[in-house]
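Novice: need a structure here:
(chains A and B)
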Protein chains: 2
Amino acid sequence: MITAASNSGTLRIIPLGGLGEFGKNMMAFEYGDTILAVDAGLMFPEDDMPGIDLVIPDITYLLDRAPLVKGIVLTHGHEDHIGALPYILTRLNVPIYGTRLTLGLVENKLREHRLLETADLRLVDEQTQLPLGPFRVEFVHLCHSIPDVVGVVLRTPVGVIVHVTDYKFDDSPVDGRLTDVARLATLGSEGVRLLLSDSTNAEVAGYTPSEKTLEQVLDNLLARAPGRVIVATFASNISRIQQVIHAAKHRGRRVGVTGRSMIQNARMAMDLGYLTPPVEGLLTADQMGHLPADKVVIVCTGSQGEPTSALVRMSQGQYRHVHIGRGDTVIVSASPIPGNERMIHRTLDNLFRLGADVYYDELSEVHVSGHGSREDQKRMIDLLRPQYVIPIHGEYRQLVLHAHLAREMGIAPQNTFAIENGQVMEVGPDWILPAEKISCGPVFVDGLGVGDVGAVVLRDRRLLARDGFIAVVIGLDEETGDVVLGPEILSRGFVHMAGADALIEEAKEVVWDVLERQESASAVAEHVHTALADFCYRRIRRRPMILPLVVEI
Amino acid sequence: MITAASNSGTLRIIPLGGLGEFGKNMMAFEYGDTILAVDAGLMFPEDDMPGIDLVIPDITYLLDRAPLVKGIVLTHGHEDHIGALPYILTRLNVPIYGTRLTLGLVENKLREHRLLETADLRLVDEQTQLPLGPFRVEFVHLCHSIPDVVGVVLRTPVGVIVHVTDYKFDDSPVDGRLTDVARLATLGSEGVRLLLSDSTNAEVAGYTPSEKTLEQVLDNLLARAPGRVIVATFASNISRIQQVIHAAKHRGRRVGVTGRSMIQNARMAMDLGYLTPPVEGLLTADQMGHLPADKVVIVCTGSQGEPTSALVRMSQGQYRHVHIGRGDTVIVSASPIPGNERMIHRTLDNLFRLGADVYYDELSEVHVSGHGSREDQKRMIDLLRPQYVIPIHGEYRQLVLHAHLAREMGIAPQNTFAIENGQVMEVGPDWILPAEKISCGPVFVDGLGVGDVGAVVLRDRRLLARDGFIAVVIGLDEETGDVVLGPEILSRGFVHMAGADALIEEAKEVVWDVLERQESASAVAEHVHTALADFCYRRIRRRPMILPLVVEI
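Specialist: Numbers count the residues shown, from 1 in each chain, chains lettered A, B, ... in the order given. Predicted structure coming up:
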C-alpha cells in the first residue's frame, strides 16, 4: 500500500488512460489523502491491436492508494466516459456520482454485468455541492450530443479547477437546456485557476452548428422519402432519437427503435423523462415490418459499420424484421470515428446495392458534431478567464493547437500545456508543473481476460498476421541423438499448404541439413530456427514466425 | 487456349481488377479477335489483408486469350494505373502505349524490375491515330495532378467509346496545358456511343479547385516560415514539386527533393522536360542539412504516413540529413487515402512533438484533389453528350451517384449503369447490356509470391491475428496406442505464456481427458481439437486456432 504521494499544499492531476489522448477516458485529482476520479471510459481497439475487444484505463495508481479514493465523478453517459466502470468497480468499488441520465445509462451497463446490486450510485445535479475531503465538487450544465452533461467544478485549496470534456455551445439544443453560460461567467469572475478543456475539434474552424440544424434536414428527408426511412446513429444519441420522433410526428410517420443497446437506452431515457416518446408509443419489431413503408421511421445502431449492428445486418439482407429495398431511405447520422471508414463505406455500398437512397456525412449535412470547434473553445476560455489551460481529450496535435488557441486568447504561453498521456501534473500555490510520468495503459480486454494480453502477445499476433508461422517438430532419441520423429512441419498463414508441397519439401531439406550435424536438442532448435528463417526470406521474401519443437524421446 | 468469345458485331468490356472498384486499375475491350487493355495499375492492401504487399489485377482472361491481346494503353503514370505492369509483362509481354511522361515513369519501374530490355514501349500523343485491329485509338489531353494525362478515344465498329479516368477541368494547371475541351466538344458533335468516366469524387459537390489555388497558399507559407519548410506529397506528384520550385524561387529559397521514388521521378521528369528545375539545381542531401534553414524547402514522400518514407522517418528523428525541430514548417499536401488516417495522424502528432508548425488537409487548404467533382463530371457529360454512361473508378456508392448524375443530365436511365467489378458488359449495335461475370481478383503479391496467397491463407492470418494458436503435439506408440510423447503445447498470440502456467496445465488436463479414451490417432486429433476449442472459449472466451499433431512412433 502506498500512501498519499502529494507534497503538502500540492494538488496532483493523474491521467489514467485513453490510448494516448491525455485526460480523455479517466483522470484523477489528488490532494493530501483524498483522490477523486473523473470518468471511467473505454476505447475501441485500433487496427494494430488484433483480437482486442476493448481498451480500458490502467487504474494501478488508484489501486495502490485504494483507501484514498473517495469516488468517481461522471461527466456524461457516453461509452468513452462510463464504459470501463464494470471493469473498474470489481476492483475498486467506490461511490459513483452522476446526473440522472448518466446514472440511468450506468445502471443498464452494471445490470448487464451483474454489478448493479453492489454499486454505490449517487445522484448529483447543478445544485449539488459535494464535499469530498479537501475538495468541494460542483457541476455546471453543458450541451453535447446527449442530455444531462456536466462540467466538473473542483474547488480546491489551490484554487478552482474547471474540467469540461465533451461540450459545445448550442443555442438551440434538442432538450432546450442551454450550456449554462451565466454560471461559467460567474466562475470566471470569481477566478479560475485551471481549465481542462475538450480539444477534439481543435482542427475545426468556427462554431459547431446547433443540433437544431438537423431538424429541418430530417424533416425534409422524411417529407421526400417515398418509402421507409431508417436513421442510424450512436446507441446513446438520445437527442437524435428525439429529433427523429419530432420529425416523424410532423410527417405522419410512426417511429421504431432497433438494435439492442439503442432499445435499452431509449427505454431508460423515456422512463427518466429524457426522451418524449410518440403518443402512439414506439413500433414493435413486427409493426416495423408490416406497416405501410411510408408510415415508418426506424432508428437503429450501426453508424460506424459495426459488424453485428442492426444497420450492417440490414445492409446484408440479414435483419429479420426490416428488409431494405428500392424506395427506402437510409440516413447515417454520425461522422466516422477515424479507423472505421472502410467498414462504414462497405455498409454504404451494400445499402446502395439494395437500391436504397442513402444520405451520409460525406454527401449531406445529416450530422453535427457534439464537440465544440475552435470558436466554442475560445468562448469557454473567454467565459472562464483561467490562469492556466491544459487541453484534454484530443490527440497530441489537437492538444497543441488548443494550447496555441489559449495563447491567442491571452493566456501566458508558459501557462498552457500540451501533455503526453501518463504525465502527472502538479498544481502548487503559484505554479503548475509536470511531475513524474506513470504507466497509464492501455489495458486490453480480450474475452474474459483483462490486462493479460500485453505487448508480447500483441506483437506475436501481428507477426502471425503478417506471414503466419511454421512449427517444426523433431524427436531425438535421448540416448543416441538420432532423429526418431519428424521433422514434421505444421504451418498456417505462410503459404497455401495444398499448393506448396515442393516448398515444404525444400524446407524439410533445410531442417535435415541442420539435423545431420548431430547437435544437442537446444542447438538443433536454435539452428533450425535460423536456417528456416533464412530459407523463407531467401526463397519467397516472407518472415513467418518459426517455432522449432525439439523433444528427446 | 480460348479464342474470340464475342459474338460477331458485339464489343465486350472486361473489368480486370481494382479491389471492388469497377474499371479502376485495368479494363479490356474485345471485338472479334482483338483485345486492347487500358491501364495496368496496382492497389495497396486493405486492413483485412495482413501481410500482403500489393494487390494487382487478375489477368487470367487475357492470358487465356493471349494471342488476341494487341497491347496495353496507359492513361497516365500513377501507381494505380501503371504499377502492375512489372507483374503483368512477365506473363504477357504486349506493346505498351503511353505518353512521354507516362512511359518515363514506366521505364523507371521496369528498370527496377529488370524488365526494361524486353519491354515494347510505344510513344503516343494527342495526334496519334493508332489502328489496332477493328479499333482506331486516339488520345485527348486531360488535366489531373500529374502532367501528360490522356483520355482514350476508341473508335470501334459499334461507335465511339470515350474512356476518361482521373481527370478534372482545371483552368490554370501548373503546366499550362488545359483539358482539351474543344476536342471533347468535337467528339460530342460527332457522336459518342459510350462514356466511361471517373467517379472518385461523385460525393463532392461543385468543381474541384484548380491546382493554381495552391500556389498562393505555398507562397504565403514560405513567406511566413521562420525556418526550413518541408512539403510532403505523393512521389508522382510532379505538378506539386513544380509549384514548390516556383514558390521557392519567389521567396529566395532553394529546393531539395528526397525519398527514393520521388528523386527518381523528379530526375526523369526533368530529363523529359516536364519539370523545370531551379536555376541553381536541386539541393544535395548534404546541402539540405547545412544551408541556413530559412533558405531551404524540401519536397519529400510520406504524405500517407508510409512507415519507411522520408517524412515518417523525419517525424521519428531518424532521417540522417534532416532533423526537424522548432521553427520548421511541415506541409502535408495530400488528402488521406481511406484507411491511412491513423498512420497519418501518428506522423502529424510526432511532427508536433518535435515542435514543428504543421499544415495539413484537415487544418488548411494545402491540397486540392486531382479528380473532378460533380460539376466536372457533369461538364464531361455535357461536352460528350454520350448515348450511354458507365461510371468507372469508384466504390459502388460513387458509381451509383455518378449514374444518377448522368440521368439528371438527360441520359436515359436505362442507358446508365452502376456495375460490380467482374461484370462483363456487351455493346451491340443498338444496345449495351451486362453479360457474364468473371473472376477479376484481387491477386495478392506477398514477397516473391504472386497469387499464391488467397482466401484460405488470409483467413488463417486473420484467425491467427485475432486469438493466436495452440498446437498440441502427441506421440502414440504405433503398436499399443500408449502416449509416448507429450502432450506438448506450443502457443503464440493466445495468452502470455509466461503468466499462464495454470491455464496451460488446465489445457493439458483437457487433452489428457481425451487421451484416456484410447482412440485412433485421427480420432484423438479430432477430439483434442473440439475439447480444446470448447475449453478456451468457456474458460477465457477466446477462439485460438487449434492445431493437434498426433504422430505414431
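
Novice: pull the distance from the longest helix along chain A to the chain's centre.
Specialist: Taking DSSP state H as the criterion, chain A has its longest helix at helix A:521-540. Averaged C-alpha coordinates place helix A:521-540 at 42 Å from its chain's average position (Cα atoms, centre = their mean, to the nearest Å).

Novice: can you check stretch A:293-305 too?
Specialist: For stretch A:293-305, the gap between its own C-alpha mean and the chain's C-alpha mean amounts to 23 Å (Cα atoms, centre = their mean).

Novice: now the angle between strand B:545-552 and the helix or strand just after the longest helix of chain A, please.
Specialist: Taking DSSP states H and E as the definition, the helix or strand that follows helix A:521-540 towards the C-terminus is strand A:545-552. Here strand A:545-552 points in a direction 30 degrees away from that of strand B:545-552 (axes from the mean of the first three to the mean of the last three Cα atoms, to 10 degrees).

Novice: quick one: strand A:545-552 near chain B?
Specialist: Yes: Strand A:545-552 is in contact with chain B by Cβ under 8 Å from any Cβ of the partner chain, via A:545, A:547, A:549, A:551. Using the backbone N, CA and C atoms, a C-beta is placed for each residue, glycine as well.

Novice: want to throw those residues into TSV with neighbour count?
Specialist: Output for the residues of strand A:545-552 next to chain B, formatted as TSV (neighbours: other Cβ atoms under 10 Å in any protein chain shown):
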residue	neighbour count
A:Met545	22
A:Leu547	21
A:Leu549	21
A:Val551	18
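
Novice: where does pLDDT dip in the stretch 1-150 of chain A?
Specialist: For the stretch 1-150 of chain A, the stretches with pLDDT under 70 are A:1-8, A:18.

Novice: tell me the residues of it that contact chain B?
Specialist: Those residues of the stretch 1-150 of chain A that sit near chain B, judged by Cβ under 8 Å from any Cβ, are A:20, A:46-47, A:50-51.

Novice: so which of those residues is surrounded by the most neighbours?
Specialist: Ranked by neighbour count (other Cβ atoms under 10 Å in any protein chain shown), these have A:Gly51 at the top, with 25 neighbours.

Novice: so that one is in which element?
Specialist: When secondary structure is defined using DSSP H and E, no element contains A:Gly51, which sits outside every helix and strand.

Novice: quick check: it touching B:Ala465?
Specialist: Yes: with contact defined as Cβ atoms under 8 Å, A:Gly51 reaches B:Ala465; the gap is 6.5 Å.

Novice: and the nearest residue to A:Pro442 once chain neighbours are set aside, how far from A:Val445?
Specialist: Nearest-residue entry for A:Pro442: A:Val55, 4.4 Å, with adjacent residues in sequence omitted and distances by Cβ to Cβ, 6 or more residues apart in numbering or on different chains. Remark: distance between A:Val55 and A:Val445 (Cβ to Cβ, to the nearest Å) = 7 Å.

Novice: list residues touching both of these two?
Specialist: The overlap between the contact sets of A:Val55 and A:Val445 (Cβ atoms under 8 Å, 6 or more residues apart in numbering or on different chains) consists of A:Leu42.

Novice: tell me if the longest strand along chain A is near chain B.
Specialist: With secondary structure taken from DSSP state E, chain A has its longest strand at strand A:483-492. Yes: figure legend: strand A:483-492 in contact with chain B (Cβ under 8 Å from any Cβ); contacting residues A:484-486, A:488, A:490, A:492.
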